[in-house]
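Here is my input, please return the structure:
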Amino acid sequence: MKDISSAKNSPHYPVMLDEILRICSPEKGGLFLDCTFGVGGYSDAILSFPNTQVIALDRDLHTQKYAQKIKKKYQNRFNFYNLKFSELNKVIKENTKLDFIIFDLGLSSLQITDLKRGFSFNSKGKPDMGMGLNSINAQEILNNFNLKTLGDIIRVFGEEKESFYIAKNIVEERKKKPIESIPDLVNIIKKSKKKNPRKKINISTQTFQAIRIFVNKEISELIEGLIKASQFLKSGGKLIVISFHSIEDKIVKFFFTNFSEGKSRSSRYYPDSFKEKILFENYRNKVIRPSNKEITVNKPSRSAKLRFAIRSKDDFFYPLDLKNKFLNYLELENKNV
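Presented below is the predicted three-dimensional model:
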């Protein structure tokens, strides 16, 4: 198993790499789908075992140069595509069955450290927050959405208790001048929130998270990605998801639990013939967290939760309950100006 101590000086560290390698046993070979390529940490580690093949996706155009390095190193054992989760079916052939599928959700260090992209509180640039292949950016949302929609986005996706005051002050400030920089947004948030010395996270964290989720349609992409991934996963194959906030984890937990052997739920959305169908073997609701050693090396990993499920022998069926369960998120994420 790889020693994570070697990553201490690396700005691009793949979260819970050792745990993923233990779950996948790449020394036995297999066909892998890396849905969040980033700078290639997982793909490179998996391909270091000779009988493996990796198909990698990433919506971020900035990842292409890292993919080219991996391609040069492993040639026909690696293929990369600039695509979102919802588009994975465009590159997986209909009869292809994957052994392992990996999602590492949230922001990559590549995105956070590029201050021009507006993900960091320390950025001086425009509020963009787009991961790639976006139809809207943060600046458009901040300057055009009405008070109610802004408040709903910040409250629901950021789980921010003071969402109304933040949204109200955004609307008030943009009447004076457009919100055109990250410092503009940070100052509005500071003005809107009560100081809480006991709170460890940055005062802007929840609002930034909320706007980023909306800009990138992260909930819609996750749900579509999980559904399509389970379609192409072979019987006995493993679907692995690392999440970083409670909404993501709630969705993954529901999907694995409610479509698992012994946990299948009757639903008014399916005819009787569909009620007993499952997608996964008996899911035990186990959460794997990063080791203390890893958190010391890579502090952003402290909020990570890893869950994985094993595909059952049952034929794929469309899990409509997953969308219906989180319909409020999906509807909000698709609001327009």
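
List the residues that contact the most centrally placed residue in the chain.
By CA atoms, centre = their mean, the chain has its centre lying nearest to residue 105, at 2.5 Å. Contacts for residue 105 (CB atoms under 8 Å, 6 or more residues apart in numbering) come out as 36, 218, 222, 241-244, 248. C-beta coordinates here come from the backbone N, C-alpha and C atoms, glycine included.

residue ranges for the strands of the stretch 51-200 of the chain, please.
In the stretch 51-200 of the chain, the strands defined using DSSP state E, counting those that start in this stretch lie at 52-57, 78-81, 98-104.

can I get these in a markdown table with mean neighbour count?
Formatted as a markdown table, the strands of the stretch 51-200 of the chain follow (neighbours: other CB atoms under 10 Å):
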| stretch | mean neighbour count |
| --- | --- |
| strand 52-57 | 24 |
| strand 78-81 | 19 |
| strand 98-104 | 24 |
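
Now mean pLDDT and distance to residue 168 too, for those, in JSON lines please.
Formatted as JSON lines, the strands of the stretch 51-200 of the chain follow (pLDDT from 0 to 100; distance: least, CB to CB, whole Å):
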{"stretch": "strand 52-57", "mean pLDDT": "98", "distance to residue 168": "39"}
{"stretch": "strand 78-81", "mean pLDDT": "98", "distance to residue 168": "42"}
{"stretch": "strand 98-104", "mean pLDDT": "98", "distance to residue 168": "36"}
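
so residue 261 makes contact with residue 281?
Yes: between residue 261 and residue 281 a contact is recorded at 5.4 Å, counting by CB atoms under 8 Å.

follow-up on the earlier one: any chance of the strands of the stretch 51-200 of the chain in a markdown table, with distance to residue 125 too?
As requested, the strands of the stretch 51-200 of the chain are exported to a markdown table (distance: least, CB to CB, whole Å):
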| stretch | distance to residue 125 |
| --- | --- |
| strand 52-57 | 27 |
| strand 78-81 | 28 |
| strand 98-104 | 26 |
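
Appreciated, that's everything.
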